[in-house]
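[1] mind folding the following:
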Amino acid sequence: GESASRIARACAKQNNLTIPNDKGGNTNWADEVQRTGFAHNHNLSITGGNKSTTYNASANYIEREGIITGVGNNLFTARTFIETKTLKDRLTLSAGLNGNIRNEWGVPRGEQGASVYNAMYYYSPFVTTRNNDGTWYKDMGISQNFNPLALIYEDQSRATFKRIQATGKATLKLIDDLYL
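    Numbers count the residues shown, from 1 in each chain. Now for the predicted structure:
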C-alpha cells in the first residue's frame, strides 16, 4: 500500500497546503524497527549407572531474538545428579548441582519519547533515519519522541544473571520402615 507520508503530501498538495516539518523522508518506522523474531534451543543429556549408583547430567542452551531489533536473551543451564546406595542398600547418598547464566539485551522503554515501542509509531515519517553525514536524524522541534533507530543502536541495555544451586541428601534405613 501507499505510505502515510506520500498520502499526506498528496492531500496537502491537492489543498494547496504545506507540511512544515516535511524533510523529504518517507520512513515507516515500524518497518525499520521490527524484524522477524527467531529462537533456537539445543539440549544434551547423559544418563547411566549400575546396580548401586545412578547419574545424569544435562545441558541446555536457548537463544531468542525478539521482533524488535536489539531485543533478545539467551540462557545456558546445566544440571547434574548422582545417587548411590551402600551398606547393603541401607544408606542412600545423593547430590545435585544446578546452574544457569542468562543474558538479556534490550532497548529503551522509557517515558517522554524515550521508548522505541512508542517512537516507532509516533516519530515523523517525513524525516529520514540518518543525516547526510551518517549521524542519526534528530529534531526535537518536529517530534517529542526520539529517533527509534538511534535508541536501538545507541542506548541498549544489557544484563547478566547467574544462579547456582547445590543439593545433597543422606538417608539411612535403621530398621524396616524406620529411616534417618
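[2] so who does Thr27 touch?
    Thr27 makes contacts with Ser5, Tyr123, Pro125, Phe126, Val127, Thr128, Thr129, as judged by C-beta atoms under 8 Å, 6 or more residues apart in numbering. Using the backbone N, CA and C atoms, a C-beta is placed for each residue, glycine as well.
[3] can you list these in TSV and add neighbour count?
    Conversion of the contacts of Thr27 to TSV gives the following (neighbours: other C-beta atoms under 10 Å):
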residue	neighbour count
Ser5	19
Tyr123	28
Pro125	16
Phe126	20
Val127	23
Thr128	14
Thr129	15
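[4] and those, which two are the farthest apart?
    Spanning the widest gap among the contacts of Thr27 are Ser5 and Thr129, at 13.2 Å by C-beta to C-beta.
[5] find the residues that touch each one of the two.
    Contact criterion C-beta under 8 Å, 6+ apart; residues shared by Ser5 and Thr129: Gly25, Thr27.
[6] check the gap between the closest residue to His42 other than its chain neighbours and Ala159 for me.
    Closest residue in space to His42, ignoring its immediate chain neighbours: Tyr61 at 4.8 Å, by C-beta to C-beta, 6 or more residues apart in numbering. The gap separating Tyr61 from Ala159 is 18 Å, by C-beta to C-beta, to the nearest Å.
[7] compare these two and say which is more crowded by neighbours.
    Tyr61 (15 against 10; other C-beta atoms under 10 Å).
[8] mind checking the SS state of that one?
    Of the three states, Tyr61 takes strand according to DSSP: H, G, I helix; E, B strand; the rest coil.
[9] which strand or helix spans Ile7?
    helix 4-14 (DSSP states H and E).
[10] just the CA coordinates of that helix, formatted as CSV?
    Extracted as CSV, the C-alpha positions of helix 4-14 are listed here (Å, rounded to 0.1, in the frame of the first residue of the first chain):
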residue,chain,number,x,y,z
ALA,A,4,1.3,7.6,5.1
SER,A,5,3.8,10.4,4.2
ARG,A,6,3.0,10.1,0.5
ILE,A,7,-0.7,10.2,1.1
ALA,A,8,-0.3,13.3,3.4
ARG,A,9,1.9,15.0,0.8
ALA,A,10,-0.7,14.4,-2.0
CYS,A,11,-3.5,15.6,0.3
ALA,A,12,-1.5,18.8,1.2
LYS,A,13,-0.7,19.4,-2.5
GLN,A,14,-4.3,19.0,-3.5
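[11] right, I'll call it a day here.
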